[in-house]
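Asks: my questions are about this predicted structure, shown below with the sequence.
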Amino acid sequence: MELYGIKRKAPVFFQECVDSTNTRIKQLAAQGAPDGTVYIAAAQSAGRGRKGRAFLSPPGGLYLSMLLRPGCRADEALSITPSAAVAVCRAVKAVCGLGCGIKWPNDVVIGGKKLCGILTEASSDKNGLFLVLGIGVNLNTEKFPEELRPVAVSVFLHSGKKTEPEDLARELIGQLDGVYAGWQADKNAFLEEYRALCVNTGREVLADGRPAKALGIADDYSLLVEYPDGTKANIAYGEVSVRGLYGYV
Ligand code: BTN
């Protein structure tokens with residue numbers, strides 16, 4: 001199958017506007033779509049974010065979901081999402097020339113604001129676990145609604161340059177295919193790269209609502225924090241606010 005010049009085994013579907021590319025991939029999964037199937041949209045009318053939030057998806061972004069049938073248990077697949085964040089950073093660097101960071105656990109950020117969000121949804125069918133890895137990148141957005149302005153950024157707002165969504169899609173699919181193959185061989189293959197990109201390390205955070213210092217990323221991708229009384233904790237899931245990044249200034 002060829003899309004935008006990439007040859008790969010699994011198909012790539014494109015629609016100008018869909019409700020949610022994650023929803024479309026789930027529908028395709030129910031019809032038996034193979035591992036690696038990709039769905040791309042230029043806009044979404046009902047983009048979904050983490051924690052039941054909406055993900056604003058106007059034209060000019062890249063909204064992409066990939067179906068993964070990793071052949072492992074759900075608890076063994078947790079590191080796929082941070083590994084995908086590494087793939088996004090690589091793709092944005094290659095196509096837009098911008099160095100991004102990762103705000104734990106898997107927001108891609110630049111200049112202290114969110115450039116890309118990732119939502120992984122897990123389900124199973126008769127073939128076992130499948131994951132829908134959904135990635136939304138703010139590319140050419142010129143103006144966000146007022147409430148998002150302090151926290152969201154696009155490649156255009158950061159650099160003044162427009163990017164063809166197709167160019168980023170082509171690079172990102174290639175990076176995701178490579179990261180997925182590397183991850184299947186070694187679930188921690190991208191841990192060092194993730195650590196190097198993580199913007200939380202060494203910064204003050206609010207962890208479980210309490211101020212703490214982020215010491216780094218543990219081998220299971222949890223965030224290791226130290227509270228002012230010297231106690232340490234591994235934050236395994238959820239969100240921390242980082243001083244100087246959106247939400248905790
Ligand atoms: C988040 O930051 O809360 C995650 C946002 C994930 C958005 C992407 S866009 C492509 C895919 N389709 C969706 O409905 N959501 C994901």
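Replies: Perfect, thanks for sending it. Residues are numbered from 1 along each chain as shown.

Asks: so residue 198 touches residue 104, yeah?
Replies: Yes: shown here, residue 198 and residue 104 form a contact pair, counting by CB atoms under 8 Å, at 5.9 Å. From N, CA and C alone the C-beta is placed, and that goes for glycine too.

Asks: identify the contacts common to the two.
Replies: residue 217 (CB atoms under 8 Å, 6 or more residues apart in numbering).

Asks: residue numbers of the protein in contact with the ligand?
Replies: Within the chain, the positions lying close to the ligand (CB under 6 Å from any ligand atom) are 20-22, 44, 47-50, 53, 55, 57, 63-65, 107, 117-119, 134-136.

Asks: report how many residues lie close to residue 181.
Replies: Other residues within reach of residue 181, judged by other CB atoms under 10 Å, total 11.

Asks: and it, that's in a helix?
Replies: Yes: secondary structure assignment places residue 181 in a helix (DSSP: H, G, I helix; E, B strand; the rest coil).

Asks: quick check: the residue of this structure nearest the ligand.
Replies: Residue nearest to the ligand within the chain (CB to the nearest ligand atom): residue 117, separated by 2.1 Å.

Asks: mark which of the residues of the chain next to the ligand are buried, thanks.
Replies: Buried members of the residues of the chain next to the ligand, scored by 16 or more other CB atoms under 10 Å, are 20-22, 44, 47-48, 50, 55, 57, 63-65, 107, 117-119, 134-136.

Asks: which ones among those lie within helices?
Replies: 21, 22 (DSSP state H).

Asks: hmm, back to that, could you find the closest non-adjacent residue to the residue of the chain closest to the ligand?
Replies: The shortest distance from residue 117 to any non-neighbouring residue, by CB to CB, 6 or more residues apart in numbering, is to residue 136 (5.3 Å).

Asks: that older thread, from residue 172, how far off is the residue of the chain closest to the ligand?
Replies: 14 Å (CB to CB, to the nearest Å).

Asks: joint contacts of these two?
Replies: Common neighbours of residue 117 and residue 172 (CB under 8 Å, 6+ apart) are residue 135.

Asks: lowest-pLDDT helix or strand in the chain?
Replies: Sorting the helices and strands of the chain by mean pLDDT, DSSP states H and E puts strand 247-248 at the bottom, at a mean of 46.

Asks: and the strand ranked longest in the chain, what does it pack onto?
Replies: Scanning the chain for the strand with the most residues, using DSSP state E, yields strand 113-125. Counting contacts by 3 or more CB pairs under 8 Å, 6 or more residues apart in numbering; DSSP states H and E, strand 113-125 is packed against helix 21-30, helix 80-96, strand 107-110, strand 128-137.

Asks: where does the prediction get shaky in this structure?
Replies: 1-5, 237-249 (pLDDT under 70).

Asks: most centrally placed residue in the protein?
Replies: residue 118 (3.0 Å; CA atoms, centre = their mean).

Asks: nearest residue to that one in space, please, no chain neighbours.
Replies: Per CB to CB, 6+ apart, closest to residue 118 is residue 106, 4.7 Å.
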